[in-house]
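*Asks:* Turn this into a structure:
(2 chains)
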Amino acid sequence: MEQERQYDILDFDKDLPELRSVIDWLDTDEEKDAFIKAFITSRGRA
Amino acid sequence: MANHMTVENPQALKAERKKTITDAVRQNPDAKRIPLMSSFGAWPIHPAGYKLTEALSNYDLLDQIMGDFHEKYNFDMYQGYFSRYYYRVTHVMGDGGLLFDDELGSVYYLDETLLHPEEYDFLIENGLAKTTYEKMFPRKFPFYSREDAIEKIKAALVEQRDLNAANAKRTKLFLEHYGVPSRSGLSQNSAIDDFYPQTGMKNFGIQLRRLPESKIMDIIQAFDNGRKERILSGIENYVDSDDFIYAYSLTSISSSMLSINQFGKYAWDLYWKPNADKIVEKDLLGNFFPEGSYLHLRDFFRDLPAGHFSILTEQDDPFEVAKILPNITIEGGFPTTTLGKGTKEQVVDKVKELIDKLGKKLILSPDKMLVYPSDCNPANLDVMLETAREYGKY
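*Replies:* Take a look at the predicted model:
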């Protein structure tokens, strides 16, 4: 059976701590958040 | 691990390339030879005998293909070293929007409306990261549950780290081993150029006509996300070296879609002009790449002082550009159709015509990003470069 795509499922502020957990190559939360934001804002483009 | 030939004195080679390209942009009458730029995108993967996704999955293999390509053709500057193709990153996200066709050997970007007009106020209020993450990601990538989405995004963050490291390694290979300067120290599009793909090509024109100017300015501000200040301060503090040709480059995909008025208000006045002024003030070099055609915007470029800027020219006639904008050096000029499908005689004649008519204000390169296998006949590429090297000694 084909799975149905979901759209209204993400919450940036709520999800941020979980996304930070994989970025173990950076030290501070600020560095991690900057990396995540740069990833998100560039990945939407192309 | 990739194998690369030994290069004697790469530092001296890098300095000579920097001087050669700088002479062209400065329009130096004492320039010694024509500089050669590669505008090859994914094309080198085809003659190397690999499928696109096979090569783009393997960063060591890309190092080898890019190194072999340089060893064979020896360009002075590259538009990139496969860094624009983040296949592994989007692949773990479910391949949304960026499609690789191994049979045709081509890359497609889907034209999608990822940001809906009723969400502009959400963007203005909540900023780019939250809007992209919550509204645009689920439209671009196939997510089947929150857990599925989070796992994919986490995997993509790790892939992004690996991609950044691979790109940095390849750039270092060219700088330190091959003695090839990188193209730009700083590069940043205008904010309107990010709104364009998010809203979709078709919808972009509609929204620009429908929305009041103040709303478009608010949207631009949201997409700006601090970039304007970052770039101006980056140019202000830029330290020139042989590692980079241009201090700053600006690529625009929207400029051919904007009216003269729209371009002036939403692009030139906000980004192009202040950045150009800063380049001139600091006596640096800058590059513009208005994709497609730009001569309808000629009046904006006329007043730029000579000796600071080059413009990558795709669809406009380079000879017409040279007459209208003698203050700007042309990058490009060589028709990709001739490279792919022309005869040897046509290739020779075109190189000679470009050098005869544009002379020391030309950085020779194909006029398009080459991706498809048929974009380039390797025998014609050999002839183009041989002719340029023999005929382009001043």
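*Asks:* And the longest helix seen in chain A, what's buried?
*Replies:* Using DSSP state H to define each element, chain A has its longest helix at helix A:29-43. Neighbour counts using 16 or more other Cβ atoms under 10 Å in any protein chain shown place A:Lys32, A:Asp33, A:Phe35, A:Ile36, A:Lys37, A:Phe39, A:Ile40, A:Thr41, A:Arg43 of helix A:29-43 among the buried residues. In this view, the C-beta of every residue, glycine as well, is placed from N, C-alpha and C.
*Asks:* same check, this time on stretch B:184-194
*Replies:* Buried residues in stretch B:184-194, counted by 16+ other Cβ under 10 Å: B:Ser184, B:Gly185, B:Leu186, B:Ser187, B:Gln188, B:Asn189, B:Ser190, B:Ala191, B:Ile192, B:Asp193, B:Asp194.
*Asks:* Report the entries of the buried residues of helix A:29-43 that also contact chain B.
*Replies:* Among the buried residues of helix A:29-43, the residues that sit close to chain B (Cβ under 8 Å from any Cβ of the partner chain) are A:Phe35, A:Ile36, A:Lys37, A:Phe39, A:Ile40, A:Thr41, A:Arg43.
*Asks:* Pretty sure the fourth one sits against B:Ala156.
*Replies:* It refers to A:Phe39. Yes: between A:Phe39 and B:Ala156 a contact is recorded at 7.3 Å, counting by Cβ atoms under 8 Å.
*Asks:* how near is B:Leu110 to B:Phe141?
*Replies:* 12 Å (Cβ to Cβ, to the nearest Å).
*Asks:* who touches both of those two?
*Replies:* B:Gly97 (Cβ atoms under 8 Å, 6 or more residues apart in numbering or on different chains).
*Asks:* which of these two has more neighbours?
*Replies:* Shown here are B:Leu110 and B:Phe141; by other Cβ atoms under 10 Å in any protein chain shown, B:Phe141 has more neighbours (21 against 13).
*Asks:* if I pick that one, what's in contact with it?
*Replies:* B:Phe141 sits next to B:Thr90, B:Met93, B:Gly94, B:Asp95, B:Gly96, B:Gly97, B:Ala149, B:Lys152 when contact means Cβ under 8 Å, 6+ apart.
*Asks:* Compute the distance between B:Phe309 and B:Tyr248, please.
*Replies:* For B:Phe309, the distance to B:Tyr248 - Cβ to Cβ - is 10 Å.
*Asks:* which one of these two has more residues nearby?
*Replies:* The neighbour comparison of B:Phe309 against B:Tyr248 (other Cβ under 10 Å) goes to B:Tyr248, with 26 against 22.
*Asks:* can you tell me the helix or strand for the more buried one?
*Replies:* Element membership for B:Tyr248, per DSSP states H and E: strand B:244-252.
*Asks:* Pull the residues that contact that strand.
*Replies:* Strand B:244-252 is contacted from outside by B:18, B:21-22, B:25, B:77, B:181-190, B:193, B:231, B:234-235, B:238, B:240, B:267, B:271-272, B:275, B:279, B:282, B:284-291, B:310, using Cβ under 8 Å, 6+ apart.
*Asks:* With stretch B:209-216 instead?
*Replies:* Under the criterion Cβ under 8 Å, 6+ apart, residues B:Tyr120, B:Gln207, B:Leu208, B:Ile219, B:Lys265, B:Tyr266 lie in contact with stretch B:209-216.
*Asks:* and the longest helix seen in chain B with chain A, contact?
*Replies:* For chain B, the helix that runs over the most residues, judged by DSSP H, is helix B:146-172. Yes: for helix B:146-172, a contact with chain A is found by Cβ under 8 Å from any Cβ, at B:Arg146, B:Asp148, B:Ala149, B:Ile150, B:Ile153, B:Lys154, B:Ala156, B:Leu157, B:Val158, B:Gln160, B:Arg161.
*Asks:* Around chain B, pick out the residues from chain A.
*Replies:* With Cβ under 8 Å from any Cβ as the criterion, chain A meets chain B at residues A:3-13, A:15, A:18-19, A:21-23, A:25, A:35-37, A:39-41, A:43-46.
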